[in-house]
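**Student:** Using only what follows, build the 3D model:
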Amino acid sequence: MTVSMNEITAENFAPDRWLSWPRTSVRVIDWNIDRGLKLSEIIDFLGDSHADVFLLQEVDINAQRTHKLNIAQEIARKLRLNYVFGREFMELTQGSKASPAYHGQATLSRWKMSDSRIIRFQRQSDFWKPRWFKPRLQAFQERLGGRIALVTEIDIQGLSIVTYNLHLESRSDDDLRLAQLNEALQNATTYDAARLLILAGDLNLNATSPGASELLARAGFREAVPTAYVATTPHRHLLEPGRHIDWAFVRGSSQPNAGKVLKSVKASDHYPISFELRLSASERRVTSSGFMSPL
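**Tutor:** Numbering: from 1, shown residues only. I've put the predicted structure just below:
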């Protein structure tokens, strides 16, 4: 079966709008939504959050387990957002040759998004690879593809923000995850040092470990949500306490503020994390122009 795993899907549901005030901050939500299994609760939370940017991981399209819905499209349509979806995997046990199912990352915003692209990491685990001795059952999650970063530029009233929406490998060791993280960070060096960048997602590691923290600091990123001592996944049982694996970092002159792990939200097997970016004086002047151009 031949499949293009570089495909990006994008649709616009946000209305054009006139805005006459300069913005002082940008609100961001990052969340692994566990395929979108609890879709109505997910939509309710995201709608109530009034965020400007949503970075979501583990998002399904056309999978049996999520009723063959395009989860990102459902969220965007209900909340009147624009979205971009990047394919991470084709889920072989969730679809068919005639009607394939996909799994990946989605970035959503009420603002115009452009120049989206995928970084498919060079180093990947072979855990998900189909093998002749594996039964074709959902429990084995046979997949084609590999982990990605979804990169998107978002224009907020003339202020351009570049987002890196990451999902690092869960079925390997930190050496592989650090290699994937470093690939995204190396890609970020292609942008001017003053450009406002957000890097967030399910990293499947503790980013305060020496290897990860050194890579991030060297690339100029600083922590937006301090989760080292606040678990971002629920406590499941005695041998599996909550883990600190969901992270957000920023680069540029804007200051991250009000970072939180939202442990009251129970719509996934991860908690959402949120933060605000306080815009610098020059960035506030940029956003005072007032008109959002047609999408």
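**Student:** State the phi and psi torsions of the closest residue to F221 other than its chain neighbours.
**Tutor:** The shortest distance from F221 to any non-neighbouring residue, by CB to CB, 6 or more residues apart in numbering, is to F249 (3.9 Å). No exception for glycine: its C-beta is placed from N, CA and C like everyone else's. Per-residue torsions, F249: phi -140, psi 150 (degrees, to the nearest 10).
**Student:** could we number from 383 for the rest of this?
**Tutor:** In the new count, where the first residue is 383, that last one comes out as F631.
**Student:** Looks like F631 contacts P608 (just checking).
**Tutor:** No: assessed by CB atoms under 8 Å, F631 is found out of contact with P608, at 11.0 Å.
**Student:** What's the local residue count around E389?
**Tutor:** E389 has 12 neighbouring residues, counting by other CB atoms under 10 Å.
**Student:** what's the nearest residue to it if we skip its chain neighbours?
**Tutor:** R469 (5.4 Å).
**Student:** neighbours of the one you found, just the number please.
**Tutor:** 24.
**Student:** what separates it from L419, distance-wise?
**Tutor:** In this view, R469 and L419 are 19 Å apart by CB to CB, to the nearest Å.
**Student:** For the longest helix that the chain contains, what is the distance to the chain centroid?
**Tutor:** Longest among the helix segments of the chain by residue count, using DSSP state H, is helix 556-570. Centroid displacement of helix 556-570 relative to its chain, using CA atoms, centre = their mean, to the nearest Å, is 15 Å.
**Student:** what do you get for stretch 406-426?
**Tutor:** Worked out by CA atoms, centre = their mean, stretch 406-426 lies 10 Å from the chain centre.
**Student:** Okay, buried residues for it please.
**Tutor:** Neighbour-count burial for stretch 406-426 flags 407-421, 424-425 (criterion: 16 or more other CB atoms under 10 Å).
**Student:** Just confirm the residue nearest to E389 contacts Y484, I think it does.
**Tutor:** Yes: counting by CB under 8 Å, R469 touches Y484, with 5.0 Å between them.
**Student:** wouldn't L541 be in contact with L578 here?
**Tutor:** Yes: the pair L541 / L578 is scored as a contact, 7.2 Å apart, by CB under 8 Å.
**Student:** ok, now how distant is N547 from Y611?
**Tutor:** 25 Å.
**Student:** neighbour count winner among those two?
**Tutor:** Here N547 and Y611 are compared on neighbour count by other CB under 10 Å; more neighbours surround N547, at 28 against 8.
**Student:** for stretch 566-578, which positions count as buried?
**Tutor:** Buried residues in stretch 566-578 (16+ other CB under 10 Å): 566-567, 570, 573, 578.
**Student:** repeat for stretch 633-650
**Tutor:** By 16+ other CB under 10 Å, the buried positions in stretch 633-650 come out as 633-636, 638, 641, 643, 647, 649-650.
**Student:** And for stretch 421-441?
**Tutor:** Residues of stretch 421-441 classed as buried: 421, 424-425, 427-428, 431, 433-441 (neighbour count, 16+ other CB under 10 Å).
**Student:** That stretch - what's its average pLDDT?
**Tutor:** The average pLDDT within stretch 421-441 is 97.
**Student:** Neighbours of P654, how many?
**Tutor:** Neighbour tally, P654, other CB under 10 Å: 26.
**Student:** which residues does the residue nearest to it when sequence neighbours are not counted bridge with?
**Tutor:** In space, and not counting its chain neighbours, P654 is closest to W413: 3.9 Å by CB to CB, 6+ apart. Bridge pairing for W413 (DSSP bridges) gives the partners L438.
**Student:** same deal with A531?
**Tutor:** Applying DSSP bridges, one finds that A531 bridges with I501, L548.
**Student:** related to what we said a few turns ago, surely the residue nearest to P654 meets F436?
**Tutor:** Yes: in this structure, W413 is within contact of F436 by CB under 8 Å, at 7.5 Å.
**Student:** Would you indicate which residues of the helix or strand hosting A599 are buried?
**Tutor:** Element membership for A599, per DSSP states H and E: helix 592-600. Residues of helix 592-600 classed as buried by neighbour count (16+ other CB under 10 Å): 594, 597-598.
**Student:** same for that helix, what does it pack against?
**Tutor:** helix 556-570 (3 or more CB pairs under 8 Å, 6 or more residues apart in numbering; DSSP states H and E).
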